[in-house]
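Participant: I'd like to go over a predicted model; first the sequence, then the structure.
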Amino acid sequence: MNWKLVFLLSVFGLAMGLATVSLIPSNIEPFFWLVIFIVSAFLIAKYAPGNYFLHGLCVSIVNSIWITAAHITMFYTYIASHPEYEQMMVGLPPDLAAHPRRMMLPIGIVSGIISGLVLGLFAWVASKFVKKAAPAV
């Protein structure tokens with residue numbers, strides 16, 4: 001497992017976590033993620049020592065930590081830019097809907113796992129096409 005690679009690629013998650021608070025609207029965010037997933041999958045396929053799927057999964061889980069921390073820390077700014085998040089809370093039971101900031105944690109964990117499965121798949125597929133980097137001596 002190349003933890004340095006996982007951490008370096010997770011910086012995309014930190015950047016997106018900060019950028020999605022007020023700069024990137026929800027309607028175009030998926031396009032940014034698609035580009036990030038393609039770049040990350042390529043770099044994992046090129047530099048990971050194997051276990052491509054696991055590397056992709058770990059990158060997305062660390063990404064979700066960065067993103068969730070940014071969104072919880074800057075909650076009120078995030079909510080001002082993302083009214084759809086408040087709309088999601090409307091259908092929840094009152095005990096859960098009363099704490100939208102706390103709900104970001106389980107949502108972040110689930111999102112990290114799901115996106116990790118996707119990035120893991122992207123990385124595994126990319127590993128079938130990308131030529132490995134020469135090992136450093």
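Facilitator: Arrived safely, thanks for sending. Numbers count the residues shown, from 1 in each chain.

Participant: drop to CA atoms for contacts and neighbour counts, all remaining ones
Facilitator: OK.

Participant: so where's the protein uncertain?
Facilitator: When residues are selected by pLDDT under 70, those of the chain lie in 134-137.

Participant: roughly how far does the nearest residue to residue 115 once chain neighbours are set aside sit from residue 86?
Facilitator: Excluding the flanking residues, the one nearest residue 115 by CA to CA, 6 or more residues apart in numbering is residue 60, at 6.1 Å. When distance is defined by CA to CA, to the nearest Å, residue 60 is 24 Å away from residue 86.

Participant: which of these two has more residues huddled nearby?
Facilitator: The neighbour count for residue 60 versus residue 86, taken as other CA atoms under 10 Å, is higher for residue 60 (30 against 13).

Participant: so that one sits against residue 121, correct?
Facilitator: No: taking contacts as CA atoms under 8 Å, residue 60 lies outside contact range of residue 121: 11.7 Å.

Participant: which other helices and strands contact the helix or strand residue 44 falls within?
Facilitator: Applying DSSP states H and E as the criterion places residue 44 in helix 29-47. Under the contact criterion of 3 or more CA pairs under 8 Å, 6 or more residues apart in numbering; DSSP states H and E, helix 29-47 touches helix 3-22, helix 52-73, helix 100-127.

Participant: what packs against the last one?
Facilitator: Spelled out, it's helix 100-127. Using 3+ CA pairs under 8 Å, 6+ apart, helix 100-127 is in contact with helix 29-47, helix 52-73.

Participant: got TSV for those, with distance to residue 103 too?
Facilitator: As requested, those are exported to TSV (distance: least, CA to CA, whole Å):
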stretch	distance to residue 103
helix 29-47	20
helix 52-73	9
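
Participant: mean neighbour count, those: which tops it?
Facilitator: Among these, ranked by average contacts under mean count of other CA atoms under 10 Å, first place goes to helix 52-73 (a mean of 23).

Participant: what's the angle from it to helix 3-22?
Facilitator: If you take axes from the mean of the first three to the mean of the last three CA atoms, to 10 degrees, helix 52-73 sits at 40 degrees to helix 3-22.
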